[in-house]
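Asker: only geometry, no sequence info:
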């Protein structure tokens, strides 16, 4: 079941039903499997419980390092960076996402590299660097195409490119 009901065109953040997310979080309880930890991080993040999200995210990275695959570790690090982003630590989030994107591309894991570029684009978007956001979203689009993404996934990426263009244009007109 997807808890994402769309994305806000102005912020690019996920639109979720908070009650559904809280119910799922309660269902997960204190499970310690890596998939459960990652899901808890995401749920806490979208519910703006950022201190808890950071703690669980740190734990998920440790678990992935000890018991997961390299892909698992990259996913955990990307999610950790998204929590940093929501906390306003844009430079740290962008750095982490860059290293994740580079490692994934080096391994030929286009889908994971695209995921990292998507979130790095969102970091730049939140930080007001719409040119960098657009570059990241375009790179995400290329990588998603390479990975054989669905039309729906490609469409959401195109919407992110369009949002960065709109904000970039708005900033130029305003100055």
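Answerer: Cool, got the structure. All of these numbers come straight from a predicted model, not from anything done at the bench.

Asker: Need the pLDDT of residue 23.
Answerer: In this model, residue 23 is scored at 97, pLDDT.

Asker: Shouldn't it be within a helix?
Answerer: Yes: when DSSP: H, G, I helix; E, B strand; the rest coil is applied, residue 23 is found to be in a helix.

Asker: Could you give the number of residues near it?
Answerer: Using other CB atoms under 10 Å, residue 23 has 13 neighbouring residues. Backbone N, C-alpha and C define where each C-beta goes, glycine included.

Asker: From residue 63, how far off is it?
Answerer: Distance, residue 23 to residue 63, by CB to CB, to the nearest Å: 24 Å.

Asker: I would like the residues contacting whatever helix or strand residue 169 lives in, please.
Answerer: Assigned by DSSP states H and E, residue 169 falls within helix 151-174. The contact list for helix 151-174 (CB atoms under 8 Å, 6 or more residues apart in numbering) reads 7, 9-10, 12, 118, 121-122, 125, 128, 130-131, 133-134, 137-138, 140-141, 144-145.

Asker: what about the helices in this protein?
Answerer: Remark: helices assigned in the chain by DSSP state H are 18-28, 34-46, 50-67, 70-86, 90-107, 110-127, 130-146, 151-174.

Asker: how about the ones you listed in TSV, adding distance to residue 3?
Answerer: Listed next are these as TSV, based on distance: least, CB to CB, whole Å:
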stretch	distance to residue 3
helix 18-28	6
helix 34-46	8
helix 50-67	15
helix 70-86	15
helix 90-107	22
helix 110-127	17
helix 130-146	21
helix 151-174	15
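
Asker: Any idea which of the ones you listed has the lowest pLDDT on average?
Answerer: Lowest mean pLDDT within these: helix 151-174, a mean of 88.

Asker: how about that one: buried residues?
Answerer: For helix 151-174, burial by neighbour count (16 or more other CB atoms under 10 Å) applies to 153, 156, 157, 160, 161, 163, 164, 167, 168.

Asker: Tell me the gap between that helix and the middle of its chain.
Answerer: How far helix 151-174 lies from its chain's middle: 17 Å, per CA atoms, centre = their mean, to the nearest Å.

Asker: now stretch 4-20
Answerer: Distance, stretch centre to chain centre, for stretch 4-20: 13 Å (CA atoms, centre = their mean).

Asker: for the closest residue to residue 54 other than its chain neighbours, what are its contacts?
Answerer: Closest residue in space to residue 54, ignoring its immediate chain neighbours: residue 83 at 5.3 Å, by CB to CB, 6 or more residues apart in numbering. Contact analysis of residue 83 by CB under 8 Å, 6+ apart lists 41, 45, 50, 53, 54, 57.

Asker: Can you give me the separation between the nearest residue to residue 47 once chain neighbours are set aside and residue 45?
Answerer: In space, and not counting its chain neighbours, residue 47 is closest to residue 21: 5.5 Å by CB to CB, 6+ apart. Distance of residue 21 to residue 45, computed by CB to CB: 10 Å.
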